[in-house]
Structure formats: C-alpha cells, structure tokens
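A.B. asks: got a structure for you, letters missing:
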C-alpha cells in the first residue's frame, strides 16, 4: 500500500495548521493592542444576541435579496464543511468516502444536498460578482474600496466558485470510476448536479479519470486549507469574528456615550464634591480620548477585524449620503489597516506604535470625524453590530481635550456653555423669560 | 378664570411642596424664538390637564449633550454634575422633557454621575395623557383630512427606541399619517445631532436637512411633525430653502395637541 499520499496529506495539514496558528496569534496580539475593557455582563442576553445576529443573520434581512444570497453562501459554507471532516479522515487514513458504507442511502442524500448547496453558493457568488463589477451597486464601488479591498472581494468570490466546481467535478468523476468498478471507488445512489456534468468526463480513460478525481479532491482540500489561511489576511475574517463580535455587542441604549470616570474625579474636585478615594492624588491619565489604536478598546479593534466592508453603514450615513468625506466603513478599515501596520512593525522589530504615525491624522482626518451627527445609523445598519460611532467619539475627545483642536465654532460653543451655561450666547438671566407671556395669559 | 401657572422648583420648595414632575425645558426651549412656542404650548397642556409640575427656571443649565458629543468631556461633566446636584437637592424623581437630546442625556448618561430619575419624552407623556383620557382630542383641527408626516429624531428613535409614541399622538389627532421612505430605525438624521447644530457642516454635495426635507416634501404632506427642537429648526430651514413655507408647516407634537385643544 502506497502511504505517500497519507504522508503528504498529514504534512500539508500540519503546515496549514502551523500557518493558521501563527496568523491567529498575530491577529490576537493586534486586537489586544487596544485597551482592556470588560464587557461580559448579561451573558444570557449576549448569547441571544449572538444567536440572532451572527448565527441567525437577523440584521442581514434588512435588505432581502443580498440577505438571501448571503444565506445560501453561509449555509453552504457551514454544511459543506461537514464533508471536509470526511476529507480529513480519508486523507489521514488513506480511505475513500469512509462514511458512505456506514450511512448508506443517507450518505447519497447528504451528497445531493451538498451539491445543491454548492450550486447555490456558485450562483450567489456569481450574482455578487455581477453586483460588484457589472451593475456596480454604489456601496460596493466607493473610493475606499479601490485596490486591495476590491481585489480581495473578487478573489473570495472566484475562489468559492472554483472550490464548489471542484466538489462537483470530484463527485462526477468519482461516480464514473465507481460505475466502471475501479478499486476504492464506491457507487452511491444517483447524484443530480454532478450527474449533469458527467458527460464532460465520459470519454476519459480510467487513468485520466482517476487523475482528475484525485486532482479535484486534493484541489478542494488544499483549497479549503489555503482559504482558511487567506481569510486571516482578508475582510472575509468576518466568518469567524462575527460570532465574538456580536457576543461583545454594546447592549446599552445606543444614545448613551460611555462615561470617563477619570474626568469625574477631577470635575468633582473642581466643584468641591468629595470623591471616592478621598484626598488621594488622581492617577496619572495617559491620554484623553483616542489618537491611535492603543487608545481604543480592544473591542473597537476587534470590530475593525470583523468588518467585511459591505458598506451598509456608509450607505445609511447622512453625512456620506450628502457628500461629506465621512464613511463609517472607511473608519473601520483604517483601524484595521493601522493595527496591521503596527503589528507587522512590532514583529519586524520596528517601532510599532512609536513610528511617528497615528490613526488620527495619518489615516483618519478631523474633517471626517467632525462630520458625524452621532445619529447611530451606521451602528443600526451593521449586520454584525460594529460600532464606528464609538471610535469617532473617542477621537473627538482627543481632539477637544488634548489638542484643543475642535472647529472654531465648537470652541465658541464650549465657551458659551462655560460662561452662559447654554450653547448659545444668551445671558443666563434670560433663561426663564419665555414664561412671562404664558403667565400673563388667561387659562383657556 | 385664573392665568397659566409656571411654578419653579425653588418656589415649590419654599412653600414646602414637591411637584410630581420636573419639566426640563432645555436651552432651545428657553432661548430659541421659534421653539419657545413649543415650551409654552406644552406648559399650557400641563396646566389644562392639571398635572403637578415645576420647572427649574433660572437654575436650569445645558445638560452638556453637545459638549460631550463634540468631545469635551470635562465641560459635559461640569454641566452634568452641577445639574444633578440641583435636581437631587430638590429630590426630583420624574423628569419630562420635549428635547430628545436632554432626554437621552438625563436618562442614560446622568446615572453614571449620580443622577437617577425616571425620564420621559413629551411624546410619551402626551401619549399617556391621551390614553388615560386626560386629553380628549377634538380631531384634527386645522389639519383634519390632511396629510402629515413624522420625522424621527435619532436621539428618540435609534438612540432610545421610541418610535411609536409620537405616531400614536399623531394618529389620535385623526390626521392621515404618511411615512417617509426612510423612517423608524432607518430614519435619516436632520443633520443637527452630535453638536452639528452649533457649527457649519463639512463640505459636501448638499446639507443633510435639505436631503431630509426633500424626502418629507415628496410624501405630499402639508405638515411635518417633529419631536425635537433641533429637528424643528433644521426642517423649518429646509422648507424655507425649498420655498415651501407657505404650503408646508413644521410643528412639534405639543403644538399639534395645543392647537387641537384650542390652547394656541
């Protein structure tokens, strides 16, 4: 018995596992460049949110057509990967279709179902390619997608189509070989979709046929392993991160901006209110607000790695709709790009965060963050509960408190609030004037 | 007949009384010429219904909402802590406000600073008065049989999930409520939130309030109802910009009720 394929398989599998491990460590470290934050209260609510939003695709269905196509790819991905389990067992033990004799008719049914899904995935990916490249759906061709993001999206779709084609090719040739009684090949019941492409291979000799079948098998499994590694470099990482990302969703009312306790202490001291901790000097505060990724929470950075650049946030953003530079999607892409840059620099023994660059300024401009109306449309729109607004507000805090660099009109407003306790410059003594005429009026 | 009363918390405390609710007027409600009419309309409704209320009057200051959203956390907390001291001093339990920004800040952000109150937006308050039969609507008034559209405020809707109360109030008026294409969770901002009210917008193709007004005008409604002072200003400006101010009016919910009740 030739054990070479088994050895090769195990080596390929181990190599892929090692590369994957390295990439996951890299990503984990990058995400943890963000500040620590504990968000694990209300665990039952969190599981529920994850089940509905990530597993159940709840928010996708705000747009029905893409949601349906996405669902096909999603279900296809999960279900077809059950077959990969068989591939791995077969690969390691030098078997072929190890589950077929055990499951009998159920196995044939499962294969037919997998093929149906494979065709569904191919059709969906084809429509997605058309939407991106031919009909050019506006949110899928915006400026921030130029270059790698556009290529990345197209590559994923093409890879998925090819992988699905490999499954159908494999099944078609496998069944032809089984029909000819070739050793190892097991005849199943009729397979509908691969049956349709059987004629393509009908005239091949047994040797060629075996080669095509083995090629498709290896292509599919190596393709899957390669895809798993590729995903860690791609926006497609959402297929894994959507789950923790939704689990760590912000469960508070969307309008609530998180408090800064370090400021509260100082404010209380200024107003002469006794603070907890008594007369202790306040701990040194590194920085107010966020200038770079290490000022953000790790959840913000994970949000960025979970973003699949679908642009639903940007297409709902009032600032973006009316032509301003702000695009919530770009904010998320910038955070990820900056995290990647810093991570790579650290691994290369470079300067990391101290490279003289920062998220605010080198990636995101003040013009972008100043245009935000904090309306939460982006947060509402995101199918995986990403919160671009949190990042924007933290950067505004840095600009206002560390740089005093807010727009002049905002600085004037701050001054009005300090002196007149209103954002407008009215004398505080006039605040109650509105009541005069009402008090004079006879009640009806 | 007696006159309308606008008691302050200080007056109430001096006479040993404590009102059921504090009506938080807000800066726009106190100073904005157009929006003062909304404050007055709401106060008249409170008088008419006989709700026990008081205002802070000269003791009220900005909640700090625009400062926090523009990034000035120090200024926000200075305002917030001072307000909380005043409110806690009067032992305030229940706050009603017509401004979704004040509503959101007092409801969601003051608790972390020691200010815990039951906070109600005036649309919710008006809805409960209607449901309890304390306000009996005559049905439409000037708007009877006409179309009206409601513009969702981000800080009421998406920020706090209040979508139905304003619509219930409008429906109770027996007016035809027509929805804009972008409404409820998908509502489009008027352009003023996040402290945008206090600066010129960034450069773009058009201003947000114009985009939103165009959408409102497309419904064919003869009035745009709002539940927020910023939305009122932005939509009114938009209607003026489109030179439709003679055909299309912008009203706050409290004004619609007050009109129906013959209070204004």
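C.D. replies: Structure's in. What do you need? Computed from a prediction, not measured in an experiment: that's the story for all the values here.

A.B. asks: ok, the residue nearest to the spatial centre of chain B - contacts?
C.D. replies: Centroid-nearest residue in chain B, with Cα atoms, centre = their mean: residue B:98, separated by 2.8 Å. By Cβ atoms under 8 Å, 6 or more residues apart in numbering or on different chains, the contact set of residue B:98 is B:25-26, B:29, B:38-39, B:42, B:121-122, B:227-229, B:252, B:254. Every C-beta, even on glycine, is put in place using the N, C-alpha and C of the backbone.

A.B. asks: among those residues, which one has the most neighbours?
C.D. replies: Counting neighbours by other Cβ atoms under 10 Å in any protein chain shown, the top entry in the contacts of residue B:98 is residue B:228, with 33 neighbours.

A.B. asks: quick one on the thing from earlier: which one of the contacts of residue B:98 is nearest chain A?
C.D. replies: Checking the contacts of residue B:98 against chain A by Cβ to the nearest Cβ gives residue B:39 as the nearest, at 5.5 Å.

A.B. asks: in this structure the closest one contacts residue B:25, no?
C.D. replies: Yes. With contacts counted by Cβ atoms under 8 Å, residue B:39 reaches residue B:25, the gap being 5.5 Å.

A.B. asks: what touches both of these two?
C.D. replies: Common neighbours of residue B:39 and residue B:25 (criterion: Cβ under 8 Å, 6+ apart): A:434, B:98.

A.B. asks: pick out the residue of the stretch 1-150 of chain A closest to chain B.
C.D. replies: Here the stretch 1-150 of chain A gets closest to chain B at one residue, residue A:62, 7.8 Å apart by Cβ to the nearest Cβ.

A.B. asks: is it true that that residue touches residue A:381?
C.D. replies: Yes. Residue A:62 lies in contact with residue A:381 (Cβ under 8 Å); the separation is 7.4 Å.

A.B. asks: so, low pLDDT: which residues of the stretch 1-150 of chain B?
C.D. replies: Along the stretch 1-150 of chain B, the parts satisfying pLDDT under 70 run over B:140-141.

A.B. asks: how about a cut-off of 90?
C.D. replies: For the stretch 1-150 of chain B, applying pLDDT under 90 flags the ranges B:1-2, B:137-146.

A.B. asks: mind listing the strands for it?
C.D. replies: Along the stretch 1-150 of chain B, the stretches classed as strands by DSSP state E, counting those that start in this stretch are B:21-24, B:53-54, B:94-97, B:118-121, B:147-150.

A.B. asks: residue numbers of the stretch 101-250 of chain B in contact with chain A?
C.D. replies: Within the stretch 101-250 of chain B, the positions lying close to chain A (Cβ under 8 Å from any Cβ of the partner chain) are B:104, B:107-109, B:112-113, B:154-155, B:158-161, B:185-189, B:191-208, B:210-212.

A.B. asks: what's the spacing between the residue nearest to the centre of chain B and chain A?
C.D. replies: Counting by Cβ to the nearest Cβ, to the nearest Å, the gap from residue B:98 to chain A is 12 Å.

A.B. asks: quick check on that residue: phi, psi?
C.D. replies: phi -90, psi -10 (degrees, to the nearest 10).

A.B. asks: next up, the contacts around the residue lying closest to residue A:435 once chain neighbours are set aside.
C.D. replies: Spatial nearest neighbour of residue A:435, excluding adjacent residues (Cβ to Cβ, 6 or more residues apart in numbering or on different chains): residue B:6 at 4.2 Å. Going by Cβ under 8 Å, 6+ apart, residue B:6 touches A:435, A:438, A:439, B:43, B:55, B:57.

A.B. asks: picking that back up, kindly reformat the strands of the stretch 1-150 of chain B as a markdown table containing distance to residue A:130.
C.D. replies: Shown next, in a markdown table, are the strands of the stretch 1-150 of chain B (distance: least, Cβ to Cβ, whole Å):
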| stretch | distance to residue A:130 |
| --- | --- |
| strand B:21-24 | 53 |
| strand B:53-54 | 60 |
| strand B:94-97 | 50 |
| strand B:118-121 | 46 |
| strand B:147-150 | 36 |
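
A.B. asks: picking that back up, which one's more surrounded, residue A:62 and residue A:381?
C.D. replies: A direct count of neighbours by other Cβ under 10 Å for residue A:62 and residue A:381 places residue A:381 higher, at 23 against 15.

A.B. asks: list the contacts of the most centrally placed residue in chain A.
C.D. replies: Centroid-nearest residue in chain A: residue A:306, 2.3 Å away (criterion: Cα atoms, centre = their mean). Applying Cβ under 8 Å, 6+ apart, we find residue A:306 in contact with A:237, A:238, A:241, A:242, A:244, A:245, A:384, A:386.

A.B. asks: show the buried residues in the contacts of residue B:6.
C.D. replies: For these, a burial check counting by 16 or more other Cβ atoms under 10 Å in any protein chain shown picks out A:435, A:438, B:43, B:55, B:57.

A.B. asks: the residue nearest to the fourth one when sequence neighbours are not counted bridge partners, please.
C.D. replies: Nearest residue to residue B:55 in three dimensions, chain neighbours excluded: residue B:23, at 5.1 Å (Cβ to Cβ, 6+ apart). In this structure, residue B:23 has the following beta-bridge partners (DSSP bridges): residue B:96.

A.B. asks: so residue B:23 sits against residue B:53, correct?
C.D. replies: Yes. When contacts are counted by Cβ under 8 Å, residue B:23 is listed as touching residue B:53 (5.0 Å).

A.B. asks: what touches both of these two?
C.D. replies: Common neighbours of residue B:23 and residue B:53 (Cβ under 8 Å, 6+ apart) are B:46, B:96.

A.B. asks: tell me where the stretch 1-150 of chain A has helices.
C.D. replies: Taking DSSP state H, counting those that start in this stretch as the test, the helices found in the stretch 1-150 of chain A are A:4-31, A:43-49, A:64-93, A:100-103, A:105-133, A:148-179.

A.B. asks: dump these into TSV; add mean neighbour count and mean pLDDT as well.
C.D. replies: Output for the helices of the stretch 1-150 of chain A, formatted as TSV (neighbours: other Cβ atoms under 10 Å in any protein chain shown; pLDDT from 0 to 100):
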stretch	mean neighbour count	mean pLDDT
helix A:4-31	14	96
helix A:43-49	13	98
helix A:64-93	16	92
helix A:100-103	12	92
helix A:105-133	18	97
helix A:148-179	20	96
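
A.B. asks: tabulate these (a markdown table), appending distance to chain B.
C.D. replies: Below are the helices of the stretch 1-150 of chain A laid out as a markdown table (distance: least, Cβ to the nearest Cβ, whole Å):
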| stretch | distance to chain B |
| --- | --- |
| helix A:4-31 | 25 |
| helix A:43-49 | 15 |
| helix A:64-93 | 14 |
| helix A:100-103 | 45 |
| helix A:105-133 | 21 |
| helix A:148-179 | 23 |
